[in-house]
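1. can't give you the sequence, but here's the structure:
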């Protein structure tokens, strides 16, 4: 099992460009999450999906959209990137209950 | 709003000693607390969790203590090893069964050989 995979690993964007971060899990989990982590900070929840077909906002949703494509895949889209969105993005899926979350390796995004 | 914080940004311990990492939380309604470990360049890894109706829970070399009176959570690591060097985050679940966790800022544990 690969667990949670994320692509790309690194990305540099110019202000105003758009991109989609991909996430997939092979653990048959219902819930999936997108977080961002800024230097010296904990993780902040952007969006989550409790199950296939549902999504909901987290703590910092502005500037992002998500799609729960199927049970395995949960993508995060930046429509018009801003320097404030420079961060490391982590995708996670929920295992035994939603609290034991399994994280992917992260995508390091820089917006110039 | 709710906040979860850690008392010390960096903790340095000698290999073989016990480590204690502390966390303060503010939402008395939180019903679930989790500790995660994040090694450099990797995603966080689940260590141990505890429900609010418990005071203590033990895992392999780790123990989590919960003091609801003072809203304090701690992670104890026995016989700390170099592989324990990482950033440790506590997280709380304040809003039902959604998994919408609130993370603290993290404590960096440095293990000296």
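-> Okay, I see it. Not measured: the values here are computed from a predicted model.
2. Report the contact partners of the residue nearest the centre of chain A.
-> Centrality entry for chain A: nearest residue to the mean C-alpha point is residue A:34, 3.0 Å, by C-alpha atoms, centre = their mean. Neighbour list for residue A:34: A:21, A:23, A:45-48, A:58, A:64, A:66, A:74, A:76, A:89-92 [criterion: C-beta atoms under 8 Å, 6 or more residues apart in numbering or on different chains]. For glycine as for every other residue, the C-beta is placed from the backbone atoms N, C-alpha and C.
3. Strands - which of these land there?
-> Mapping the contacts of residue A:34 onto strands (DSSP state E) picks out A:21, A:23, A:45-48, A:64, A:66, A:74, A:76, A:89-92.
4. when you check chain B, which of these turn up near it?
-> A:45, A:48, A:90, A:92 (C-beta under 8 Å from any C-beta of the partner chain).
5. quick one: the closest residue to the first one other than its chain neighbours and residue B:108, what's the gap?
-> Same thing as residue A:45. Using C-beta to C-beta, 6 or more residues apart in numbering or on different chains and skipping residues adjacent in sequence, the residue nearest residue A:45 is residue A:58, 3.1 Å away. Using C-beta to C-beta, to the nearest Å, we find residue A:58 at a distance of 25 Å from residue B:108.
6. what does residue B:42 give?
-> 14 Å.
7. which of the two has more neighbours?
-> residue B:108 (18 against 14; other C-beta atoms under 10 Å in any protein chain shown).
8. picking up where we left off before, buried subset of the contacts of residue A:34?
-> Buried by 16 or more other C-beta atoms under 10 Å in any protein chain shown: A:21, A:23, A:45-48, A:58, A:64, A:66, A:74, A:76, A:89-92, out of those.
9. need the contact list for the nearest residue to residue A:50 once chain neighbours are set aside.
-> Closest residue to residue A:50 apart from its sequence neighbours, by C-beta to C-beta, 6+ apart: residue A:31 at 5.3 Å. Residues in contact with residue A:31 (C-beta under 8 Å, 6+ apart) are A:48-51, A:93-94, A:98, B:99.
10. Give me the lowest-pLDDT entry from those residues.
-> Here the lowest pLDDT out of those sits on residue A:98, with 58.
11. for the chain, which spans come out with low pLDDT?
-> Let's take chain A. A:1, A:95-98 (pLDDT under 70).
12. switch to chain B, that's the one I care about
-> In chain B, residues with pLDDT under 70: B:1-8, B:95-97.
13. Spell out which parts of it neighbour chain A.
-> Counting by C-beta under 8 Å from any C-beta, chain B sits next to chain A at B:4, B:9, B:32, B:34, B:41-46, B:49, B:89, B:91, B:93, B:97-106.
14. Out of those residues, name the ones that lie in helices.
-> Among the residues of chain B next to chain A, no member falls in helices (criterion: DSSP state H).
15. Report the buried members of the residues you listed.
-> Here, 16+ other C-beta under 10 Å leaves B:4, B:32, B:34, B:43-44, B:46, B:49, B:89, B:91, B:93, B:98-106 buried among the residues of chain B next to chain A.
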